[in-house]
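Colleague: Pasted the sequence and its predicted model underneath.
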Amino acid sequence: MSNRPRFLMGQPVITPGAQSMLEEAGISPTILLERHLRGDWGELDIADIASNELALLIHRRLLSSYVIPGGGRVWVITEADRTVTTILLPDDY
């Protein structure tokens, strides 16, 4: 997998709940953004991975899902127009 970004992320945003979970786990949000931008979609099933790959081609929303130590999960969503990428908890959605 390349280290080059596969798409533009726009403005990065993080919800308070996701910020808190990542701080408690000692994980930098930048690491997750880098993974997302490289097309490392995290822990998704094959259908969601295929959906992201198609979304890259037809400019739709992109979703990554990362398991955080301690049992949490964080999503990273880039909007279809690529103006905003949000790090959030599934419950924030």
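Modeller: The structure has been received and is ready for your questions.

Colleague: Kindly provide the distance from residue 24 to residue 69.
Modeller: Separation of residue 24 from residue 69 (C-beta to C-beta, to the nearest Å): 9 Å. In short, each C-beta sits where N, CA and C put it, glycine included.

Colleague: Give me the more crowded residue out of these two.
Modeller: residue 24 (12 against 9; other C-beta atoms under 10 Å).

Colleague: Count the residues that sit near the nearest residue to the more buried one once chain neighbours are set aside.
Modeller: Distance criterion C-beta to C-beta, 6 or more residues apart in numbering; nearest residue to residue 24, sequence neighbours excluded, is residue 70 at 7.3 Å. If you count neighbours by other C-beta under 10 Å, residue 70 ends up with 8.

Colleague: could you say which helix or strand contains the nearest residue to residue 37 once chain neighbours are set aside?
Modeller: Nearest residue to residue 37 in three dimensions, chain neighbours excluded: residue 5, at 4.1 Å (C-beta to C-beta, 6+ apart). Assigned by DSSP states H and E, residue 5 falls within no helix or strand.

Colleague: And the residue nearest to residue 24, how close does it get to residue 18?
Modeller: 13 Å.

Colleague: Show me the shaky parts of the chain.
Modeller: Within the chain, the stretches with pLDDT under 70 are 1-2.
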